[in-house]
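Novice: I'd like to go over a predicted model; first the sequence, then the structure.
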Amino acid sequence: MKNLIESIQIADCLLYILTVGVCMPTLQTLRIIFISLQIYVEKTLNVRVIRDMSMVVNNILECITIEILKERKKNVIIRCIYRTPGSSIELFTEWMEEVFSKVSCKTIFISGDFNIDLLNPNKHKLTEHFVNTIYSMNLYPKITRPTRITSHCATLIDNIFTNYILNNTISGLLVSDISDHLPVFMGFDDNYKIIQLARKQEYRRIKTEETINAFKNGLMSQNWDIICNKNNINCAYEEFLKIFKRLYDKYCPVKVNNRKLKYVNHPWITKGLQNACKEKNTIYREFIRQRTKEAENKYKQYKNKLTNIKRAARKEYYSKILNDNKNNTKEIWNIMNTVIKNGSKKIDYPKYFIIRNTEKKWLKTSIHSL
């Protein structure tokens, strides 16, 4: 399953459209899941799922459709599509025309992996028919450069189609090796009303080598005579805890956490590995520019070596924390659960996976005509 990211930026909010396998940061999002598609929507947007336009057709396509509701303006339809490689282009084209003719009066964005090369449409009859059908629905492609590049070929099989033709949009490709496809994106600013959500402040205690040493020195220099002179052991213990907590709060204070930890879920990623990842991305960009076998081999060798180093670092990290907690059974199980990520084995598929009778009738008619 390809790890493709498409993103549409609406005002200050991001809508991420991506396939399974992409590692996302921790975001407060509404998630709609299909077999190979996911849509992440910012909670500040008023969104609904269009269920009769969200479906899975075996060995042909998968799609998810949402509608962004607006006040006093046209609603916006956003759809993420994955067309199965080798499936009928003619059937897929008919399906596109059938579905989108119903919502042509609204602003539409169709993003996805179509597996139809648009670089030379006139050389392939079915591709030319697909392009003409898209244009007839007043939909125009925003991506005009190859999205899948190798040392021997370049194809444009991922795109974003829209009937929004004003100039306040930005679109293009992101040079990233997250997949063998380059991620496509589009920025669209239409002054959406944003619901202000209350932000929950996070706090953390400052515990560094410097603050811990200062805390130890504070304990050493503290006068404990007041505790030793207590006749009641309970009163002495309460006094000890009071002094201990006061010194702890003084030298290791709790402060508002404003730092964004990029690798909070991957603590074994050191600064050196971060720099190595940046170097890998630089080598990948050089390969995209040069498109030579030598550049491709250089990138693959560096990537494979870096992958092995990251795996070794992860293994070493967990070996160390398991060894540090070898006498703590409960903590060992907590660590194991974070690695194994045990959860419910039950999979609940959305109801709109099921092909309805009208869709079955359309599919049977189309397949029979083909």
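Specialist: Looks like it came in fine.
Novice: Show me where the stretch 201-350 of the chain has its strands.
Specialist: With DSSP state E, counting those that start in this stretch, the ranges of strands along the stretch 201-350 of the chain come out as 203-205, 254-256.
Novice: Give me the below-cutoff pLDDT ranges for this structure.
Specialist: Applying pLDDT under 70 to the chain flags residues 1-36, 190-200, 258-264, 341-370.
Novice: Which element, helix or strand, includes the closest residue to Lys142 other than its chain neighbours?
Specialist: Spatial nearest neighbour of Lys142, chain neighbours left out: Ser171 (3.9 Å); criterion: CB to CB, 6 or more residues apart in numbering. Where C-beta positions appear, they are placed from N, C-alpha and C, glycine not excepted. Here Ser171, judged by DSSP states H and E, is contained in strand 169-173.
Novice: so how far is that strand off the chain centroid?
Specialist: Relative to its parent chain, strand 169-173 has a centroid offset of 18 Å by CA atoms, centre = their mean, to the nearest Å.
Novice: Buried ones in the helix or strand just after that strand, by neighbour count?
Specialist: Once strand 169-173 ends, the next helix or strand along the chain (criterion: DSSP H and E) is strand 184-188. Across strand 184-188, burial judged by 16 or more other CB atoms under 10 Å covers 184-186, 188.
Novice: returning to that earlier point: and of the strands of the stretch 201-350 of the chain, who's closest to Lys278?
Specialist: Closest approach to Lys278 among the strands of the stretch 201-350 of the chain (CB to CB): strand 203-205, 26.9 Å.
Novice: could you pull out the helices for the stretch 251-370 of the chain?
Specialist: Secondary structure of the stretch 251-370 of the chain (DSSP state H, counting those that start in this stretch): helices at 271-290, 293-324, 329-340, 357-369.
Novice: so can I have JSON lines of those helices showing distance to Met96?
Specialist: Converted to JSON lines, the helices of the stretch 251-370 of the chain look like this (distance: least, CB to CB, whole Å):
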{"stretch": "helix 271-290", "distance to Met96": "30"}
{"stretch": "helix 293-324", "distance to Met96": "34"}
{"stretch": "helix 329-340", "distance to Met96": "42"}
{"stretch": "helix 357-369", "distance to Met96": "12"}
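Novice: Kindly reformat those helices as CSV containing distance to Asn229 and mean neighbour count.
Specialist: Compiled in CSV, the helices of the stretch 251-370 of the chain are given as follows (distance: least, CB to CB, whole Å; neighbours: other CB atoms under 10 Å):
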stretch, distance to Asn229, mean neighbour count
helix 271-290, 51, 14
helix 293-324, 39, 13
helix 329-340, 39, 11
helix 357-369, 85, 12
